[in-house]
Every structure is written in structure tokens, then in C-alpha cells.
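A.B. asks: Here is a sequence together with a model predicted from it:
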Amino acid sequence: MAEEKLPGVLILDIGGTHGVLEDLAALLKKHFHLITMKEFLRNKEEMSKKIQSIFVFECRPTIDRELLESLPNLKVIGNSGVGVDHLDLKMISSFGVKVTNTPHAVADPTADIGMALMLASARRLVEGNV
């Protein structure tokens, strides 16, 4: 499918300190036309009509009233993290926009680390490693 036919998704950036990981961006490109915040701000009038989704990665980009008002075709905000505490759900829903997240994405790794920490402290492994 041509890139222009794919729904537009707004992301902060690709790579760098705060951008979406490059492997993840490659996966997103299969289903979306990626629009970075820099591209959006450079040409708001044209880009605002193309964006149907926002992908929030590490709490970025910040979702505020001004951004939501500038995206008339926005349908969904996809949050890559577990919680949505950083999002004003009431304000977002007042624009008719849905919010998704990944509630169980890190459940197993968190349990693994918890068990490792308990075993390490019970066996005093950290002290023996010095």
C-alpha cells in the first residue's frame, strides 16, 4: 500500500534520545505513514488532516488541548507503556478520541526481576560479589 494511503500517525521522532526506537518505527511503517512532530509543526495545515493516530512513546509527545484541537481527524492515541497516568483521559475523550495501552507488556519481566532481587537478598549474593 502506498505511504500516502496509509493512516498518518504522529510520533515525536525516530531514534535519538527521546524518539521511537528504530526497530519499532520499522514495524509502525508497515501499517502507518509516520509523521514526526518536527514535520507536523513545519506544515501543520497539511499534516493535521492526515494524522488519525498519535503513538506515545516514553510519555512523548505531550498530549494537550492545543494539540488535540489541531488534529480534526484524530481517532486514537496509542500509549506504548503500561499506565496512562500522564494522559488527561477526560479531556481526550471529550474530543471523541480513544486511548489504548499495553497493560501486561512488562508483567513477566517485572516478576522475573522481583524474584531475582528476592533470591539475591536472601542468599546475600550482592555482598559476595564485592
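C.D. replies: Cool, got the structure.

A.B. asks: So what touches the helix or strand of the chain with the lowest mean pLDDT?
C.D. replies: Lowest on mean pLDDT, DSSP states H and E among the helices and strands of the chain sits helix 125-128, with a mean of 74. Contacts to helix 125-128, defined as Cβ atoms under 8 Å, 6 or more residues apart in numbering, come from residues 119, 120. C-beta: built from backbone N, CA, C; applies to glycine.

A.B. asks: Off-centre distance for it?
C.D. replies: 38 Å (Cα atoms, centre = their mean, to the nearest Å).

A.B. asks: swap in stretch 61-80?
C.D. replies: For stretch 61-80, the distance to the chain centre is 12 Å (Cα atoms, centre = their mean).

A.B. asks: cool, stretch 32-44 as well?
C.D. replies: 15 Å.

A.B. asks: May I see the buried residues of that stretch?
C.D. replies: 32, 33, 34, 35, 36, 37, 39, 40 (16 or more other Cβ atoms under 10 Å).

A.B. asks: quick check, residue 110 in a strand?
C.D. replies: No. Under DSSP: H, G, I helix; E, B strand; the rest coil, residue 110 falls outside any strand and is assigned helix.

A.B. asks: What is the neighbour count of it?
C.D. replies: Residue 110 has 11 neighbouring residues, counting by other Cβ atoms under 10 Å.

A.B. asks: With residue 25 instead?
C.D. replies: Counted with other Cβ under 10 Å, residue 25 comes out at 19.

A.B. asks: Next up, the contacts around it.
C.D. replies: Residue 25 neighbours (Cβ under 8 Å, 6+ apart): 11, 14, 15, 19, 34.

A.B. asks: Most neighbours among the residues you listed, please name it.
C.D. replies: residue 11 (24 neighbours).
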